[in-house]
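A.B. asks: One predicted model, sequence on top.
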Amino acid sequence: MPTKNWNFQNTYAALPKIFYTHQNPTKSPTPQIVIFNDTLATELGLNSDTLRSNPNIFTGNILPQGTTPIAQAYAGYQFGHFAMLGDGRAILLGEHITPDGLKFDIQLKGSGRTPYSRGGDGLAALAPMLREYIISEAMHQLGIPTTRSLAVALTGQDVIRERILQGAILTRIASSHLRVGTFNFAAAYGAYDDLKKLADYAIDRHYSHLADADNKYLLFLREVAQKQAALIAQWQLVGFVHGVMNTDNMAISGETIDYGPCAFMDTYDPDTVFSSIDHTARYAYKNQPTIGAWNLARLAESLLPLIGINQEKAAELVRAEIANYTTHYEKYWHEGMYRKLGIAHPKPNDVELITELLSAMKVHKLDYTNTFHKLSNDESILEIDIWQQKWCKKLTKQSMEVMKAHNPAVIPRNHHVEEALKSAEDGDYAEMHNLLAALHNPYTYHPKYSKPPEEITCYRTFCGT
């Protein structure tokens with residue numbers, strides 16, 4: 001693929017003004033790139049050498065030609081409660097068009113105050129931005145749809161949290177930043193035409209095959225629901241806990257977005273919660289599939305005026321789509337579990353086999369990732385010996401190869417992530433690069449990064465604001 005300079009469009013900025021505010025990034029005193037994603041730059045058709053030599057681009061000091069910097073407006077149900085939100089610390093520069101015609105949002109996260117900052121400083125600290133870089137890259141290597149990170153740059157400006165931290169900006173790449181919360185905003189604060197233009201824009205950008213379909217808005221809901229079912233099933237299959245599944249953090253594109261208080265499970269426990277602000281365990285690991293349905297119901301409510309004049313009939317139609325989400329999720333999750341267990345020709349009672357394994361893993365406090373990895377290498381696990389004997393009868397000659405392709409040996413384990421972030425804050429990025437190198441080959445055993453922590457502690461994550 002040939003490399004080139006930026007090629008910006010600004011189609012989101014052509015939407016009604018209610019959906020954004022023009023806003024330049026805050027200038028950074030002494031910008032310095034601390035990590036740059038050469039692989040992603042190549043995929044975008046960009047020249048890495050040119051970009052690496054210009055940190056001002058990644059802090060917003062210099063705006064590439066063709067950008068129209070804006071802060072997006074959206075709302076969201078945060079822990080179940082509706083709130084007016086918006087980009088409080090992010091600026092969308094525009095949409096970069098790759099040489100092969102693909103379109104990606106380019107966003108600077110941590111680039112200063114906007115009209116939607118709600119009293120915040122609009123800044124970001126180094127560790128949370130590096131955390132998003134590490135985990136989003138891990139998700140990409142696992143084949144899970146995700147936003148990605150092109151670079152993290154120090155700003156030279158301190159950020160005040162519980163202590164003084166180094167300020168940083170992450171350059172986030174996304175298929176778009178359209179959220180369920182964007183539709184919640186349009187339904188609550190916009191006119192019918194605003195909602196319609198937003199929906200038509202989303203369809204044109206992500207589901208263009210629906211453009212001329214009958215009742216395209218219902219079909220739009222259906223396809224978003226199917227993408228979310230597939231996405232959340234993939235989260236569950238690798239033990240990923242998002243931590244803050246508010247509707248403003250559910251992307252219409254079906255990508256994982258917002259890596260604030262997220263983490264991967266070590267010991268298997270369906271009740272796992274990492275987020276320091278999730279006091280009621282609303283977004284616990286076991287609740288993620290149900291929350292997906294809840295969020296989609298909020299999208300459906302927002303779309304009702306477009307789906308039918310008869311609101312009672314429209315409501316009946318969208319309820320059926322939410323029910324279909326649950327069916328799709330269960331299908332995707334079961335299919336994924338059968339692949340993880342090497343069961344090529346599942347039978348109805350094999351669901352019980354999955355349930356028995358997970359129950360035993362919880363009772364014996366087994367490591368989620370390593371249990372499946374050991375099974376894929378035909379290793380005996382004492383705690384589940386009886387189950388293992390029953391399971392072995394289901395295997396074929398190809399089972400182990402299938403399992404090895406679906407059971408990672410390396411995930412961004414919490415203690416390794418924290419070690420990398422602490423070293424980076426002290427100016428040493430070697431551990432972060434070592435971790436990223438291991439995460440680049442997640443199905444290959446690593447003597448350090450495949451091991452769970454020696455001691456299981458109560459781990460808490462924070463959103464960084």
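C.D. replies: Ah, there it is. Numbers count the residues shown, from 1 in each chain.

A.B. asks: And the strands in the stretch 51-200 of the chain?
C.D. replies: 70-72, 75-78, 81-84, 90-97, 103-109, 148-160, 164-174 (DSSP state E, counting those that start in this stretch).

A.B. asks: show me the contacts for the nearest residue in space to residue 232 that is not next to it in sequence.
C.D. replies: Leaving aside its sequence neighbours, residue 232 sits nearest to residue 292 (CB to CB, 6 or more residues apart in numbering; 4.7 Å). For every residue, glycine as well, the C-beta is placed using N, CA and C. With contacts defined as CB atoms under 8 Å, 6 or more residues apart in numbering, the neighbours of residue 292 are 228, 229, 232, 245, 250, 325, 329.

A.B. asks: Among those residues, which lie within helices?
C.D. replies: The helices, defined by DSSP state H, take in 228, 229, 232, 325, 329 from the contacts of residue 292.

A.B. asks: surely the second one meets residue 332?
C.D. replies: Going back to what we said before, that points to residue 229. Yes. Using CB atoms under 8 Å, residue 229 makes contact with residue 332 at a distance of 5.8 Å.

A.B. asks: Show me which of the two is the more surrounded one.
C.D. replies: residue 229 (25 against 20; other CB atoms under 10 Å).

A.B. asks: Residue 189 versus the more buried one, what's the distance?
C.D. replies: In this view, residue 229 and residue 189 are 29 Å apart by CB to CB, to the nearest Å.

A.B. asks: got it, and residue 24?
C.D. replies: 24 Å.

A.B. asks: which of the ones in helices among the contacts of residue 292 are buried?
C.D. replies: By neighbour count, with 16 or more other CB atoms under 10 Å, these hold 228, 229, 232, 325, 329 as buried.

A.B. asks: returning to what we had before: would you format the strands of the stretch 51-200 of the chain as a markdown table with distance to residue 358, mean pLDDT and mean neighbour count included?
C.D. replies: Shown next, in a markdown table, are the strands of the stretch 51-200 of the chain (distance: least, CB to CB, whole Å; pLDDT from 0 to 100; neighbours: other CB atoms under 10 Å):
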| stretch | distance to residue 358 | mean pLDDT | mean neighbour count |
| --- | --- | --- | --- |
| strand 70-72 | 39 | 98 | 25 |
| strand 75-78 | 29 | 97 | 21 |
| strand 81-84 | 32 | 97 | 13 |
| strand 90-97 | 38 | 98 | 24 |
| strand 103-109 | 36 | 98 | 21 |
| strand 148-160 | 31 | 97 | 21 |
| strand 164-174 | 33 | 97 | 23 |
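
A.B. asks: tell me the contacts of the residue nearest in space to the middle of the chain?
C.D. replies: The residue lying closest to the centre of the chain (CA atoms, centre = their mean) is residue 256, at 2.1 Å. Residue 256 is in contact with 136, 139, 144, 145, 146, 147, 231, 235, 242, counting by CB under 8 Å, 6+ apart.

A.B. asks: Please enumerate the helices of the protein.
C.D. replies: Counting by DSSP H, one finds helices in the chain at the ranges 38-43, 48-52, 126-141, 180-189, 192-206, 216-238, 288-307, 311-340, 350-363, 368-376, 385-392, 399-404, 414-425, 430-439.

A.B. asks: Show me what the fourth one is in contact with.
C.D. replies: Translated: helix 180-189. Against helix 180-189 from outside (CB under 8 Å, 6+ apart): 18-19, 72-77, 82, 84-85, 194-195, 198-199, 246-250, 252, 295-296, 298-299, 301-303, 305.

A.B. asks: any idea how far residue 14 is from the nearest residue to residue 384 once chain neighbours are set aside?
C.D. replies: The shortest distance from residue 384 to any non-neighbouring residue, by CB to CB, 6+ apart, is to residue 360 (4.8 Å). Look at residue 360 and residue 14: by CB to CB, they are 55 Å apart.

A.B. asks: now residue 109
C.D. replies: 23 Å.

A.B. asks: buried sites along stretch 308-328?
C.D. replies: 308, 314, 317, 318, 321, 322, 324, 325, 326, 328.

A.B. asks: as a whole number, average confidence for that stretch?
C.D. replies: Averaged over stretch 308-328, pLDDT sits at 94.

A.B. asks: do stretch 34-51 as well
C.D. replies: pLDDT averaged over stretch 34-51 gives 96.

A.B. asks: now do stretch 207-216
C.D. replies: Taken as a whole, stretch 207-216 has an average pLDDT of 96.

A.B. asks: now swap in stretch 7-14 and tell me
C.D. replies: Across stretch 7-14, the average pLDDT comes to 97.

A.B. asks: Okay, buried residues for it please.
C.D. replies: Those would be 7, 8, 12, 13, for stretch 7-14 by 16+ other CB under 10 Å.

A.B. asks: Need the ones in helices among the contacts of residue 292 in CSV (columns: distance to residue 33).
C.D. replies: Shown next, in CSV, are the ones in helices among the contacts of residue 292 (distance: CB to CB, whole Å):
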residue, distance to residue 33
228, 34
229, 38
232, 34
325, 41
329, 40
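
A.B. asks: May I ask which two of these are separated the most?
C.D. replies: Within the ones in helices among the contacts of residue 292, 232 and 325 form the most distant pair, 9.4 Å apart (CB to CB).

A.B. asks: Any idea how many residues pack against residue 272?
C.D. replies: When neighbours are counted by other CB under 10 Å, residue 272 comes out with 19.

A.B. asks: I should have written residue 51 there, sorry.
C.D. replies: When neighbours are defined as other CB under 10 Å, residue 51 has 24 of them.

A.B. asks: What residues are bridge-paired with the residue nearest to the centre of the chain?
C.D. replies: Taking DSSP bridges, one obtains residue 146 as the residues bridged to residue 256.

A.B. asks: hmm, back to that, now, among the contacts of residue 256, which is nearest to residue 209?
C.D. replies: Using CB to CB, residue 145 is the member of those that sits closest to residue 209, with 18.2 Å.

A.B. asks: Output the below-cut-off pLDDT ranges for this protein.
C.D. replies: For the chain, applying pLDDT under 70 flags the ranges 1-4, 463-465.

A.B. asks: I'd like to know which of the strands of the stretch 51-200 of the chain is closest to residue 121.
C.D. replies: Here strand 148-160 is closest among the strands of the stretch 51-200 of the chain (CB to CB), at 7.1 Å.

A.B. asks: In terms of secondary structure, what does that closest one contact?
C.D. replies: strand 32-36, helix 38-43, helix 126-141, strand 164-174 (3 or more CB pairs under 8 Å, 6 or more residues apart in numbering; DSSP states H and E).

A.B. asks: State the paired neighbours of the shortest one in the sheet, together with their directions.
C.D. replies: Taking DSSP bridges as the criterion, strand 32-36 pairs within the sheet with strand 148-160 (antiparallel).

A.B. asks: Pull the contacting residues for residue 420.
C.D. replies: So residue 420 contacts 130, 134, 431, 432, 434, 435 (CB under 8 Å, 6+ apart).
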